[in-house]
Structures are given as C-alpha cells and as structure tokens.
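Visitor: I would like the atomic coordinates for the input below:
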Amino acid sequence: GGGGGGGRGDMSHVATSDVKIAIEYKHLSRRSPVGVYMLPRRRSLRLYDGVVFVRRGMYKDGIFKFELRLPEMYNDTNAHPEVVFRSPVWNPLVDPQTGRLDLALEYPTWNPKQHFLVNALVFVKKVFYVTDLSAYPGAPNREALELLQADPSAAAERVAECVRASIDASLTNPDGFEFNFTELRPAHDELLAQLLQGGDTPAEPEDPNRAPTMQERLTEAGEDRPVEAASDAFALASTSDRA
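Guide: Numbering: from 1, shown residues only. Below you'll find the predicted structure:
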C-alpha cells in the first residue's frame, strides 16, 4: 500500500513538472533572448536542441549548437537544467573536455519560483559576450581564463579559431538534432529577400502532416524584430524541415 502511494506521488510530481515545463516553453515565445533558438525533441518535453547566433563581440558570426536537458525533478530547488554545447567552444565558462556549461556558475541556487527556461538561455547567450570574468571563480576552462588575462591578443586568435570551427561544424548535424544545416541554395536568397521585405513565403499545399515553415517557426518563437529575425532566418533557412 505505502509503496504504491509513493509511486503515485512521484508520478504526480513529474506530471506537475511537465505542466510547468510546457508553460515555460510557451512563454519563451516572447522572452527568448535575441539570436537564441530552441526546439524540443519530437518525443520529449525534457530534451531540447538549440543554436546561438552571435552578432557582436569577440565571438561575432559564431554559430553554436547546444543541447538542453531538464532533470526529472525539474520543479525542485537546485534541479538545474543541463546544457552541453554540440559545437566546439573555447570559452572560460565552458568545460573544454565535455562542452558542458554549468548553470550553477550563474545561478548557484536554482529556485523554480524564480528561475525558468529563459534564464538558462540568457546565460547560454551571455557566455559569448561577458567580459568581466571575476564573478566566475569556478570557470572550468582555466587555460582560456589565464590566456585572456595574460595575453588578450593571443586569446582573441583562439576565439577567432573557435568561431571558424563553429561555422564549419554547423554543417555537421548530430544524429537526431532538430537544427540540421546544409549549404546555402538559390532558394534561400529568395527567402531572405522576402523576410527582409516582410513578405510571405510561397504558399504550400495544405498538408496536416507537413513540418512548420521557417517563417512559422520564427512566428512561434515570438521574433518581432524583422531585420534581426531575417539575419538569423537567413542562416536558419538552411535547416531541414522536421520530418
């Protein structure tokens, strides 16, 4: 009897957490940081694929793919989301061996009443722009941290190599990853022009099973900054539709 009740309690907790996750993801449509895009895996509310387009700073033009996983007890205190970059990242805040970004660096205590998916994405973006690293004494890439402090010009070259590697790696698509990039094609030029002009994409036959178009994905993402959206859409246009 007692064990069964505990099982039902655990299932209820997970179900409550799932509802919270669904609400958080919906709210990302208006609050997601500019240049950061994330989609759930097809059969999971707890596993997401994302990509960061860096627009300025040392990592300008970088395209960094990442995976975000939510623990089963996500609704509990200190149940941090887990973020691992799938692109090569040379950065003091990213583990050089695993690509892991420890959210506890930014949020030592994860409070489910104060911290949400959007907070995780804010930090994912922030690592490419932060210049004052004194607030992160636990930075895992000590080599990067020390080089930035001792020889900024040499560090800048390492960052440039990282950016070039991220662009090259963007065409390597991890199995099952929701953002699959291909070489640009002539049709993408037309899509970019339409996005910049605010025009519609060509009409497609209605198919209840078809994948969402890129414009629909951007609309769902709440991207209401057309010029900046078009910049990312140009790159995203080379992603394959979800089957």
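
Visitor: can you give me the helices in the protein?
Guide: Assigned by DSSP state H, the chain shows helices spanning 2-31, 117-126, 142-150, 152-169, 186-197, 214-220, 226-236.

Visitor: average model confidence for the second one?
Guide: Translated: helix 117-126. The average pLDDT within helix 117-126 is 96.

Visitor: swap in stretch 73-82?
Guide: Stretch 73-82 comes out at a mean pLDDT of 91.

Visitor: Quick one: end-to-end distance for that stretch.
Guide: The first and last residues of stretch 73-82 sit 12 Å apart, counting by C-alpha to C-alpha, to the nearest Å.

Visitor: That stretch: how far from the chain's middle?
Guide: 18 Å (C-alpha atoms, centre = their mean, to the nearest Å).

Visitor: For it, give me every contacting residue.
Guide: Stretch 73-82 is contacted by residues 13-14, 16-17, 20-21, 46, 68-71, 100, 102-104, 107, 109-112, 117, 120 when judged by C-beta atoms under 8 Å, 6 or more residues apart in numbering. C-beta: built from backbone N, CA, C; applies to glycine.

Visitor: same thing with stretch 163-176?
Guide: Contacts of stretch 163-176 (C-beta under 8 Å, 6+ apart): 41, 54, 59-65, 86-89, 179-183.

Visitor: ok, 10 Å please
Guide: For stretch 163-176, contacts defined as C-beta atoms under 10 Å, 6 or more residues apart in numbering pick out 41-42, 47, 49, 51-54, 58-65, 67, 85-90, 128, 179-183, 235, 238-240.

Visitor: which one is the spatially most central residue of the chain nearest to, not counting chain neighbours?
Guide: Closest to where the C-alpha atoms of the chain average out (C-alpha atoms, centre = their mean) is Gly50, at 3.2 Å. Of all residues not flanking Gly50 in the chain, Met38 sits nearest, at 3.8 Å (C-beta to C-beta, 6 or more residues apart in numbering).
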